[in-house]
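> sequence first, predicted model second:
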Amino acid sequence: MPDRRSLPAQLILSFFGVVILTAITIGLPAIGLIRAQLERQAWSQVERGRLATKAVYSAQLSHILDHANLAAQRPTFQQLLAQENRPALDEYLSTLQVGAGLDHIILCDLDQNLIAHTGGDFPADICTTRESEVFHFALGEKTNQVILIASSLISDGGNVFGEIIVGVDLDQDFITQMRDETGLEQTVLIKGHPVVTSLNIDLQHLAGISRQPVSLPILGEQSGNTFEVQGRPYYAARLPLNEPDLEVEIALDVADILETQTRLVWILASGIVGIAALGTIMGSALARRISQPLVKLGNAAANISRGDLETPVEVEAQVHEVAMVSQALETARGNLLRTLNDLQREKAWTDQLLESIVEGIIALDERRRITFFSHGAERITGWSRDEVLGCSCDEVFRLAGTKTPFWESLPAPGLINKIVVELADGHWASLAVTGARLSPSEAGEAETAFVFRDVSLEEIIHHLLASFIGNVAHEFRTPLSALAASVELLMDQSSELSHAEMQELLQSLHLGILGLQTLIDNLLESASIEAGRFRVNPRPYDVSKIIREAASTMQPLLDKYGQRLVLDLPATLPQVIVDPRRTVQVLVNLLANASKYGPADADITIQVNIEDSWVRVDVSDRGPGVPEEYRENLFQRFTDPGSTNADLKGGIGLGLSVVKAVVEAQGGQTGWCDRQGGGSTFWFTLPGAGRS
C-alpha cells in the first residue's frame, strides 16, 4: 500500500479532490447560473411587459388628450357654453361621446363647477378634486371606478369659456385589451386591493393570495413579487399610475419556464458527475507519470529560491509539458543569473556615481518626507542619512529670516532657486536647488528629486566683486577728476598763474599720478597672484636705498597732509636678498596706509631693527588703530577698515594682501601690533645677505 505522504499518493488524492472540488465549484455555479439566467429572462420579460404596459398607458393618455384638445377647439362647444343652452349641450355631449369612442365627457365652467357630463355619475366636485391623468372614485355602494382622463381649456383664442374633461374606464374590457397587447396578465389595484383583473379568478380570492417580494436590478427602482393562482406560479411587477395609491400589476405565467429550468438542471448535474468521474481516473494516471520529474523540478526550484543560480536544471520527463516546464525553468535560471549580474554591475556603477557627485541629492515622497539622502547632501548639510530619512523636509531644512516652510521655496521641476538654509552646525548656507519629477513606480508613490549645491562662496565672491568694482571705479574717478581739473586749469590759465600756483598744480598732478600708479601696481600684483604667475627676483640689495626710494615717492603725499616722516635707522645696515622694485612697493603701500589712516600734522615712523640674520622694518602711525572686527582678516584681499583722512576714505583693500604676498615670496613674514601711545605698527622682515 503506497504511503499517503508520498508524492504520487498526494498527487492522486489532491487531483481527485481538485476534480471533485472543481466539479462542485463549476457545477453548482453553473446550475445556479442556469437558474439565474432563466429567472433573469423571465423577469426581463416581466420588465419588458411592464415597460410595454407603461407605453400603452401613455399612448392611451395621449389619445385621450388629443380628443380633449380637438373637442375643446369645436366652435359648437364655445357657442353652447356662451348661450348656456343645457339641453343642446347634453345632446351634443352624447353625440361626441359616441363618435369619439369615449366613456366619459365632463364640462366645467370657469369657477371649476360641474356644468354637464355624460357616461355615468360623478362626484359633484370632480372639477376640483382630480389631480392627475388617472382618477378613481366610489359613489355609494358602487365598486371603485378607475378612469384615464385628460382635460383642455375651451377658448376662442382670447376668451376662455370653461374646461372639457374626457375619460376612458379602466374596466374589464380595457384590461383584457391590455393583456392581449402586452402578452401579460393585467390587474388594477387601489391601495393594494384589486379592482379589475384579466386573471380568471375572483377579486376577493385574488386579494387574499400572499405575495413574496423580489428585488432585482433588472426591475430598476421597482420591486417584483411572486404568487400562485390555481397552482400556477406567476412573476409580477407593479406599475404606479399618476394617481396616489393606484397601480397596475403585470403578471407572467412561469410554469413552463420553471419546468424547463428543472429539466436543464438535472441534465447538467448528471453531466458534471460523469465528467468528474472520468477526469479523476485520467488525472490519477497522469499524476503517476509526472510525480518523479516534478520532485526534481521542485528541488531545482528550491535551489534557485535559495540563491543557487549556478547549478543547471536537468530533468528528463516523458510528459511534454513537464519537459517544457523544465526547459523554461532552466531558461529563467540563466536569464535571472544574467539579470542579477547586470543589476549588480549597474548598482555598483550607480553607487560609485552618486558617491562621486559633489552636489547633494535628496528625494521626497508625496508627503514631503525624505526618502533618499546622498553622500554629497551629507557633506554639504552636515546631517547623516540616518538622521533625516523618513523626516519631513520642513523639519530638517529651516529657511533664514522667515517662517515659510522649506517645501514652498522649492523650485518647480526644471527650474532653479537659491535658498538660504540652516545647516546641522547652526551656520547658514546658500543652496542652488534644482527640481525634477521622478516617474512613479508601479506599486509606489510618485517622488520628487532635488539636486543642490553650496553656492555660499560664490555669493560672497559676487558680493566682493561688486564691492571691488565699485571701489576701483571710485579710486580711479577721484584722482582722475583732480587730474582733469588741474590740466584744464593749466590749459586755460597757464599764462596768468604765478610760479607758486603752477608748482601747486603740478604737485597735485604728481600726487594723482602717484596714486593711480600705486593703485595700478596693486591691481596688477593682485591679478598675477590670483593667476599663479606671481614671481620675485631676489638679489643682494641695500635696504637703505629701498627706504629712501619709498620715502621719496611718498614725500609729496605726506607734505600735502602735513605729515612728517621720521626715520629711525641703525648706523650700518646689511644688505638683504630681495626684489628691490617689489620691496619698494611693499614699503610704499605701508606708508600710504599710514598716511591714509593717520591724522594730519602727525609723525609717521620707519624703524629698522636687525634680528640675527633678518632685517625687520616697522612702519608706525598715530591713527585710530585696527578695529576688532578687521584684525583676523587684515592681510586678506578686499579688507578695508576705513580711513580717518576725509580725502582718502575708502579703498579696494589690496595693499596689505600685496604686502603679504611679496614679503612671504621673499621668505619673510608680515604682521602688525598696536602702537604704544595710540596708532598701529605694521612690520615685515627681510632675509639678510649673509643668511645661509
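All right, it came through fine.

> which ones are touching Ile546?
Remark: with contacts taken as CB atoms under 8 Å, 6 or more residues apart in numbering, Ile546 is in contact with 578, 580, 583-584, 587. C-betas here are computed from N, CA, C, even on glycine.

> max-length helix in the chain?
In the chain, ranked by residue count with DSSP state H as the criterion, the top helix is helix 7-72.

> mind putting the contacts of Ile546 in JSON lines, neighbour count included?
Written out in JSON lines, the entries for the contacts of Ile546 read as follows (neighbours: other CB atoms under 10 Å):
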{"residue": "Val578", "neighbour count": "28"}
{"residue": "Pro580", "neighbour count": "18"}
{"residue": "Thr583", "neighbour count": "28"}
{"residue": "Val584", "neighbour count": "20"}
{"residue": "Leu587", "neighbour count": "22"}
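
> next, format these as JSON lines and append distance to Gln37 and pLDDT.
Putting those into JSON lines (distance: CB to CB, whole Å; pLDDT from 0 to 100) gives the following:
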{"residue": "Val578", "distance to Gln37": "113", "pLDDT": "91"}
{"residue": "Pro580", "distance to Gln37": "115", "pLDDT": "87"}
{"residue": "Thr583", "distance to Gln37": "112", "pLDDT": "89"}
{"residue": "Val584", "distance to Gln37": "113", "pLDDT": "87"}
{"residue": "Leu587", "distance to Gln37": "113", "pLDDT": "91"}
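
> mind checking which of these land in strands?
When strands are assigned by DSSP state E, the members of those inside them are Val578.

> can you put the contacts of Ile546 in CSV and add distance to Leu337?
Converted to CSV, those look like this (distance: CB to CB, whole Å):
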residue, distance to Leu337
Val578, 73
Pro580, 77
Thr583, 74
Val584, 77
Leu587, 77
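
> and the contacts of Ile546, which of them are in helices?
Using DSSP H, the contacts of Ile546 in helices are 580, 583-584, 587.

> picking up where we left off before, and the next element down the chain from the longest helix of the chain?
helix 75-83 (DSSP states H and E).

> dump that following helix to PDB, restricted to CA.
Coordinates of each C-alpha in helix 75-83 appear next as PDB, following Å, rounded to 0.1, in the frame of the first residue of the first chain:
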ATOM      1  CA  PRO A  75     -66.900  76.200 -32.200                       C
ATOM      2  CA  THR A  76     -70.100  74.400 -31.200                       C
ATOM      3  CA  PHE A  77     -68.900  73.900 -27.600                       C
ATOM      4  CA  GLN A  78     -68.000  77.600 -27.400                       C
ATOM      5  CA  GLN A  79     -71.400  78.700 -28.700                       C
ATOM      6  CA  LEU A  80     -73.400  76.300 -26.400                       C
ATOM      7  CA  LEU A  81     -71.400  77.400 -23.400                       C
ATOM      8  CA  ALA A  82     -71.800  81.000 -24.300                       C
ATOM      9  CA  GLN A  83     -75.600  80.600 -24.800                       C
END
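
> packing partners of the helix or strand just after that helix?
Scanning forward in sequence from helix 75-83 by DSSP H and E, the next helix or strand is helix 86-100. Helix 86-100 makes packing contacts with helix 7-72, helix 75-83, strand 104-108, strand 114-118 when contacts are defined by 3 or more CB pairs under 8 Å, 6 or more residues apart in numbering; DSSP states H and E.

> and the helices in the stretch 501-650 of the chain?
543-560, 580-597 (DSSP state H, counting those that start in this stretch).

> between those helices, which gets nearest to Gly157?
Evaluated over the helices of the stretch 501-650 of the chain, closeness to Gly157 peaks at helix 580-597, with 111.2 Å, by CB to CB.

> could you say what helices and strands that closest one packs with?
When contacts are defined as 3+ CB pairs under 8 Å, 6+ apart, helix 580-597 sits against helix 499-531, strand 539-542, helix 543-560, strand 603-611, strand 614-620, helix 655-665, strand 680-687.

> give the buried residues for stretch 74-93.
Applying a neighbour-count criterion of 16 or more other CB atoms under 10 Å, one finds 77-78, 80-81, 89-90, 92-93 buried in stretch 74-93.

> would you point out the most distant pair within the residues you listed?
Gln78 and Asp90 (16.5 Å).

> right, and Val188 touches Leu199 too?
No: in this structure Val188 lies outside contact range of Leu199 using CB atoms under 8 Å: 11.6 Å.

> which parts of the chain belong to which domain?
For the chain, the domain assignment from automatic domain parsing gives the residue ranges 73-169, 357-454, 462-524, 535-687.

> turn those domains into TSV, including distance to Val195.
As requested, these are arranged in TSV below (distance: least, CB to CB, whole Å):
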stretch	distance to Val195
domain 73-169	5
domain 357-454	64
domain 462-524	97
domain 535-687	108
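
> comparing those domains, which yields the minimum mean pLDDT?
Least confident of the domains of the chain, judged by mean pLDDT, is domain 462-524 with a mean of 63.

> gap between stretch 334-352 and the chain center?
32 Å (CA atoms, centre = their mean, to the nearest Å).

> hmm, I was thinking of stretch 410-427
Computed by CA atoms, centre = their mean, the separation of stretch 410-427 from the middle of its chain amounts to 19 Å.

> look up how far Leu89 lies from Thr95.
From Thr95 across to Leu89, the span is 11 Å (CB to CB, to the nearest Å).

> please disregard the earlier target; I meant Arg539.
Separation of Arg539 from Leu89 (CB to CB): 146 Å.
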